[in-house]
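Student: After the sequence you'll find the predicted model.
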Amino acid sequence: MTPVTALTLTLLIPLASAAGIAFFLRRRGGLASTLSVAAAALLCICSFIAINARGDAAIVASWDWLSFGEFKVSMGFLLDDVAATMLAMVSFVGLLIHVFSLGYMKSDKAQARFFGGLSIFMFSMIGIILADNLIMIFVFWELVGFSSYMLIGHYLETEEAKAASKKAFIVNRVGDLGFLIGIVLAYWHFGTTDLTKMEQLTLGHPELVNAGIAAFLICGFIGKSAQFPLHVWLPDAMAGPTPVSALIHAATMVAAGIYFLIRISFLLPVEVLGFVAWLGTAVAVYAGFCAYAQNDIKRILAYSTLSQLGYMAAAFGLGYPGIALFHLITHAFFKALLFLGAGSVIHGCHHEQDIFKMGGLLKRMPITAITFAIGVLALCGVYGLAGFYSKDAILIAGGLEKTVIFILLTLGAFLTAGYMGRLFWVAFLGAPKSDAASHAKESPLTMVIPLLILAGLSVVGGMIQLWPEGLGALIRFDLERLHHAEGYSAMHHDVLIYGSAAWVVGLLGAFFFYGVGAKDDRLARIAPSVFAFLKARLWFDEIYGFYVSQVQDRFAAILSFLDVFLLRGLIIRGSAGLVGILGLGVRTLHVGNLHAYVYWFLGGLLLFWAFVGTVL
Amino acid sequence: MNEGLADFLRGIAATNEWWYIMPEILLAVLALGLLVLELLSPAIRKHVPRVAMGGLGLILALLLMVDCSDCMGANGQSAFGGLLQSNEWSHLMRVFFVFSALMVSYLGGIFLAGRNLAQSEFYHLVILVAAAMMLLVQSNHFVMLFVALEMATVAFYVLVAYRRTSSLSLEAGIKYLILGALSSSILLFGIVLLYGAGGNPALPGASGDSLNFDALESFIALNPDNPVVLTGAMLVLAGICFKIGAVPFQIWVPDVYQGAPNPVTAYLAIASKAAGFMVLLSLLHGPFLALQDFLLPVLVFIAAASILFGNIAAVMQRNLKRLLGLSGIAHAGYLLIGVAASFTIEWVDNAVVFYLITYLLASFVVFLVLSLSGEGDDADLNIERYANFSREQPFLSGALTCGLGSLAGIPPMGGFVAKLLLFVAAFQAGLYGLLGVAVLGVVISVYYYFGWIRALYFNGSSVTALGEASNAPTLQNRFVLCALVVAIVVLGIFPAVVSLV
Amino acid sequence: MADLLFYLFAAITLISALAMVLLPNAVNGAMCMIVSFLGTAALFVLLDAYFLAILQVLVYAGAVMVLFLFIIMLLNVDEEAPRAKPAKLSIFAALSGFTILSVLVVSLFNNPSALPEPPVIEVAENPLGPSAANGIPFTTSAKSFGYSLFTKYMLPFQVTGFLLLAAMVGVIVVSKRMTETTVKTEQSD
Amino acid sequence: MTIGLNAFLIVAGLLFAIGMLGVTLRRNTLVIFMSLELMLNAVNLALVTFSRYNGTMDGNLFVFFIITVAAAEVALGLAIIVALFKRRETIMVEQLNALNR
Amino acid sequence: MFDPNATVLLAAILVPLFAGVVLAFGSGYTGGMRRGVALGGFGYPLVAAFFLAFRFDPAQVGAYNFESKLATGLDSFGIYLHLGLNGISLPLFLLAGVVGFAAGLYAMFSNAERPHLYLALMLFMQSGLMGTFASVDIFFFYFFHEFALIPTFIMIAVWGGTGRRTAAMEMTIYLTLGAMLSLLGLVSLYVTSGAESFSLPELRDYLATHPLSETLQANIFGLLLFGFGILVSLFPFHSWAPKGYASAPTGTAMLHAGVLKKFGLYGLLQIGVPLLPVGMAHWFPWLAWLALGNIIIIGLVTIAQRDLKLMLGYSSVMHMGYAFLGIAAFSVVGAGGALLMMVAHGLSVALLFMLSTCIYHRSLTFDLGAMGGLAVKAPVLCAFFVAASMASIGLPGFGNFWGEFTIFMALAETEFTRWLVLPAALGIIISAIYGLRAVANIFFGKPKAEFAARWDSDEVKDLQGFEKTPAMILLAALVVIGIFPRLVSDRADAELGGLYPIKESLPQFETTAGTPAVSGKEQTH
């Protein structure tokens, strides 16, 4: 099998699986799930074959897709180091989540649809990863959006899913608008959207890098990675089934934004990078605060995802794409773990999602609880766990480049530890606070095994030395770069202290503030105004809601009214009515009286005579 | 055989001019024969309609077999001391008029059946009108023109008032008579002025026979600015405008169309209008050729006004015969576009004739359906009475739809090609404003034509349907309708059949 | 002398015509009409058209107007009903139309450049003059009528015959007695 | 005779105008009909005038035809008027308006 | 001279016509006979279209494949029944075949009254559609369009839904106006060109050597633009479309919105712009602004619709804006994009109209506020509808995406049109908003009260076979174009390349892509 064939298979296997499910297995959920998981496994194998076969050189292959005059689109693969790293992560984590879903979705009536959606998603995601040009990225980018829409809306009879899926798609579209324009402009600017060619061009002509195009392009990233101000869809997307949240909204899809940034990093000028850094930092802190006002276990994790995406963006903006990628990978491991853990908890608690109604799960679901704890620690950046390595690197980079960013990111780390502590202490310790929680049972094996594997990865995933050869070259390169940066060792020292302090203080603070297995939120009790402020999340949703219902819909209604009333009513009907009135008027001329008719003759004669006069 | 017969006739024609108008004479003989038959026993009288139609059919067949326009020699040759002159359309128009007479007789058979009205006189008059119009379009002399015109008009007065038991018909008759006589006097005064000016020895180019078109043509070419000539031409034009129902002499049209018996309305709408247009064309190409500066704006004005008036008035009209009359005004307007363009565009005359032919076929379809649908007085046929007509009478509705489609100018009906040709001509002649008006008119006309079609098919009205009252058309009627519709479609798809375009 | 006669007959013709139009009583109007026709006939005579003058008197003043009088009296419609006087507006319109028309007519014919006064041509003696093929020279003889009608105007002459026939048929058709049943069913309108 | 062509024509034209006035003014159909005859008469006068001054006989012959036609028209018109009067009991134009709109 | 393929082409027009005539007199037929005849009438064009597409020789750039030229008697005007296909008309010919077949299939099993007449009229339309896109002669191009238009009016008036009376009338008058204007435009083109021919290639060749003056071009193009514009519902001449489609019977709406409406765009693409480049340049601002009106104003109006069919009608108006912009871009890329858009939109809008009727049969209402939750009962219907909505939104994988994307590309190609990209692209958000709202309201959430009351009735069931098959055909076509746009583009590209070289000659449209990039591009080659 040539590498290109392997890649093609990697891409097409999930599509085939989705098609098979859609056409033949709609009513056979069991078979569908098996097929989908098998496809995930197969594609995982294929992807590793391709990665192995890659060696050091990038795999490049391209086919013409469409051409009109000057405009040519090709579709092709570019499997370089970054793509390979990403591909390995996505296919592996994806497989785990597929397996987990087997258990989680077992009793779901629309199992087939769900697994079909997962397969479509894998197809689209792998498409993004492998794409060799911007247009192809955009194609799969949109498809990812669509599959996410489908999966968020899985529980389609609930109003929540209905609204959330719609919101996710539309908000993503807003970002894609900019992305699209960026691509279009880039095409005519560079004459191609091929990543390799563009990179060569910019290397040869650095002046070609254009801030405007870059600004448009990163709109796509903002939408997909849920950055300001398009972050609103991500927390709502938790309406989907939990494995979906894990797969899409933690490990892969949102990370696609970061991945995209890394892929086009050569197109971004310094100003844009700075903007991205600040944007990321802001989101990191903002999301940290927001998480404190959430009681839904998945929503807390969602805000934590937002916050971590902020870290990645900050790292990228600071000039270390490798470190961003590093954090992306480790984050994928532990966030998938956390979400799956949450899924396991929800599964165990019969779809109870409020952490203040759980409690005592450590005893009832020990494996879940322990793996969850590992995830929490990894997220907080506890020394030795996956999160530590990447987060530390980010903080160091921040410290080296911009002190304010460093301070804010450290604050973010502290907040992370705080809300994760809150989540863990309240949900897993103490006594059960609801029937559901008290009857919780450990999840079946299909769900537990992925948890264990991910927990393992969360522990060791950060040790880049253990990674297979051929993966993570960019990460190593950037880490090296960081290590050799000026003032690295001092900063490293500082970060160790501050970073550790952040998680220690955060976790302990939460422990003491909220207490073990608390029944309600202490913050809401003692400082309701602060809690309300946090819960309001800077009123983004309200502003958008206001815009939609008061501005956009009203404006649309006015236009619609004008269309019906003015255009159709007055102008069209009006002119028709005018003809009608004229017709009535003309009709009255036919009075039936001979005299009146003779006057016409007289008038006609005189009129004709007037024409004679004009000639003379 | 054809050539041989033609040669034979040509040989005779060289010695006797009456051969030139053999079809007209045959018609006259047929008309007289009908009166004679009327005198014979009632048993024979019953066959009068059949004899009339058979005779007309024979003459039509003869005309189709033998191209008599050739018998008079080459085109443009005159006969009877210049009273008649054949032109490229005279043969076609003969066929046209005989065919209309045939169709009107057919409609008349339906109309007269069951009515206590004189029978053979109807056919007699119809045939005489046809003969008179055939002479009219060939006339090359104002005396001939006047006499033929009056012949047709007088017969039309009778025909319009033919339903003497109905005061509506009589009222239409008196209106047509008075307005017709008025227009005749106007026309005559114009002729007189032309005659006087053309024969005035003190003017250049004066001729001894200034009633003759050719003489007038050469005279007017030398005196195009003479006010008497212009006034005369203006008055003649006014007289013809009455015949073709063009603004501002159109006002009689709806009343007379409504009151006249159905077949007569059809005859008026089709043959009378066609004759008027042919006369107008031969005048414009003959005597009035030099008056372009004066006539063009007048014609453009008349055309535009007719299109707008006819269409706008028809929009709110519910009575179908009035509606057809008003739409006929609009059709006159479209035809006048061609007439106005004929100053500069040579082939447009053919387009006008083609338009007349499609108009003939479509109108007969419509009138035949009108005649076949329902009982009682055809003067109060309203659109509302056609609600749901298609349920009971799908065949009639289908035919009517085709006919109306052709009148509206919609492919693949002949009416579309006809309008298209006129538009092309107008474009070539640079009559852009007129074109705009025409387009507007077509758009408005779609409203009422489709309003009617909609009424046929619309199923939600509680009005008692006319369809139930009508009997299913006989096989014969079906055949005639089918033939007409096929002819319309063929003209739309393959216009070459009439060898005009 | 001839001038005087012209003025006299022209005045008679016009005044009696105007009287015919304006007199409310139709019988009086018809009488005036006869006078007007006679005046026209006299003008014909002044124009050397003797045959036509006689024809005018015979056909118009004699036959046609008698027919009119007969019908007026038969229908007893000699008086226009006083209550239904024509509206002022229509009187105004008719009069102003008349005025404009008259002005136009006078101005048209008072324009010597339009129609130059030709010299009076001598009446030809022989209808078969040299220009017979083109126009028929003006003669006073009735023979000329006969000659022309049967040569140049043969066809219109025949057609006129048919026209009279058609008119006759028409009169018969319109005035034929109708049976009772038809009258009953169709009188409703 | 010093009276020229145009004098006769003015008479004819005025006669025509008077006829037109009658047609527009009078309500009695019979009188309207008479006015029409007047207009034809005006035409005849003009024709004869032209015929005389142009020196061609055609005008006179035309008058012959016009008189014939006018007579036929009168006969027909009167027949229709009589028939109409039988149905409507009136020959006033403003009452002969059953056909309208 | 005898080309069997040309006969196949001619038969594609005649067979449905003949089938229609047979059906028109078929009041006594049984359902099976009726369907058999209709199947033949709709099936043959489809088969012929595919057959010809496979036999198509793309090498004949600038010429027509399968040409046939029959005299009509209007020879002196240069009018012949001249049929043939080129790279531009072939995709639309195929579209007509596919959509016609799907619509016919659906109509065969619909429960229309007097089904034989219904099917007969649809077959007449089909015949006209095939003829429109197979005509090389612009007279017949127009002729067939009108021929297909008449059944549309009648069908709306007879079989239409609520408000059909006014809708049919308004549509009739409006479209007649458009047709008349475009006819005037075509006639004026014929007259003023002096080519003495209605044949498109002859006109083109003639005008290439004898270009018209600037004012003349501007005038004629104005006529064509507004004539065709009305037919394609160019803002603000769109009023007929939403209401007309809302009240049209399904088959008619599918055929008209899906195929017939593309006549105007095709006319501009193939006739208007290539023959009158200067006129096009003159009208460019109008076209651009009005097309933006289509996209943004009508887009917003669409958002405000609460009736499914009205919404679809407006959305179809909105998407026409893209196609207009593609034409306004005045380049091979833009024209190609417009072509792709036409084909894809035709398929997707036909599918949507069909599905909306399927939804109506289940919900008995078009009111978006009164449905909900249908996906539970009818998952397949939901899947099709979602797919169709996604296609019309422009999701990659469906043809529409390539259309829209190519059009954006075309707009950005020159400095002169680049500013249009942003406002035009706003449309992708707007369409997402209303598309997803519709999907959410119909299929997701809980059923509304009235609908819930009928929840368990037999009518609320999933898509039946006769509904599924046409939907499948249309969707499959959409996906095929979405995945292999080259099926359309390869043949059209060369053809368009021959038609649109004019661009550089016009000052406004000079290629002004970023100057450094030009040097950069050169280096890469």
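Tutor: Happy to help now that I have it. Numbering: from 1, shown residues only, chains lettered A, B, ... in the order given.
Student: need the residues of the stretch 201-350 of chain B near chain E, please.
Tutor: With Cβ under 8 Å from any Cβ of the partner chain as the criterion, the stretch 201-350 of chain B meets chain E at residues B:Trp347. Backbone N, C-alpha and C define where each C-beta goes, glycine included.
Student: so the closest residue to A:His439 other than its chain neighbours, which of the three states?
Tutor: Nearest residue to A:His439, sequence neighbours excluded (Cβ to Cβ, 6 or more residues apart in numbering or on different chains): A:His350, at 7.6 Å. Secondary structure, DSSP: H, G, I helix; E, B strand; the rest coil: A:His350 is coil.
Student: wait, isn't A:His350 in contact with A:Ala437?
Tutor: No. Contact criterion Cβ atoms under 8 Å: A:His350 and A:Ala437 do not qualify, at 9.2 Å.
Student: ok, those two, which is more surrounded?
Tutor: A side-by-side neighbour count of A:His350 and A:Ala437, using other Cβ atoms under 10 Å in any protein chain shown, places A:Ala437 first with 25 against 12.
Student: Verify the contact between that one and A:Leu362 for me.
Tutor: No. A:Ala437 is beyond contact range of A:Leu362, at 11.4 Å (criterion: Cβ under 8 Å).
Student: Kindly format the C-alpha coordinates of the strand or helix carrying B:Ile307 as PDB.
Tutor: Here B:Ile307 sits within helix B:292-315, counting by DSSP states H and E. C-alpha atoms of helix B:292-315 as PDB (Å, rounded to 0.1, in the frame of the first residue of the first chain):
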ATOM      1  CA  GLN B 292     -44.700  60.100 -45.400                       C
ATOM      2  CA  ASP B 293     -43.900  63.100 -43.300                       C
ATOM      3  CA  PHE B 294     -47.500  63.700 -42.600                       C
ATOM      4  CA  LEU B 295     -48.700  60.200 -42.300                       C
ATOM      5  CA  LEU B 296     -46.000  58.600 -40.300                       C
ATOM      6  CA  PRO B 297     -46.700  60.600 -37.100                       C
ATOM      7  CA  VAL B 298     -50.400  60.200 -37.600                       C
ATOM      8  CA  LEU B 299     -50.100  56.500 -38.100                       C
ATOM      9  CA  VAL B 300     -47.800  56.100 -35.100                       C
ATOM     10  CA  PHE B 301     -50.200  58.100 -33.000                       C
ATOM     11  CA  ILE B 302     -53.200  56.000 -34.100                       C
ATOM     12  CA  ALA B 303     -51.300  52.800 -33.600                       C
ATOM     13  CA  ALA B 304     -50.200  53.700 -30.100                       C
ATOM     14  CA  ALA B 305     -53.600  55.100 -29.100                       C
ATOM     15  CA  SER B 306     -55.400  52.100 -30.500                       C
ATOM     16  CA  ILE B 307     -53.100  49.600 -28.700                       C
ATOM     17  CA  LEU B 308     -53.500  51.400 -25.400                       C
ATOM     18  CA  PHE B 309     -57.200  52.200 -25.700                       C
ATOM     19  CA  GLY B 310     -58.200  48.700 -26.900                       C
ATOM     20  CA  ASN B 311     -56.200  46.900 -24.200                       C
ATOM     21  CA  ILE B 312     -57.000  49.200 -21.400                       C
ATOM     22  CA  ALA B 313     -60.700  49.300 -22.200                       C
ATOM     23  CA  ALA B 314     -60.700  45.500 -22.500                       C
ATOM     24  CA  VAL B 315     -59.200  44.900 -19.100                       C
END
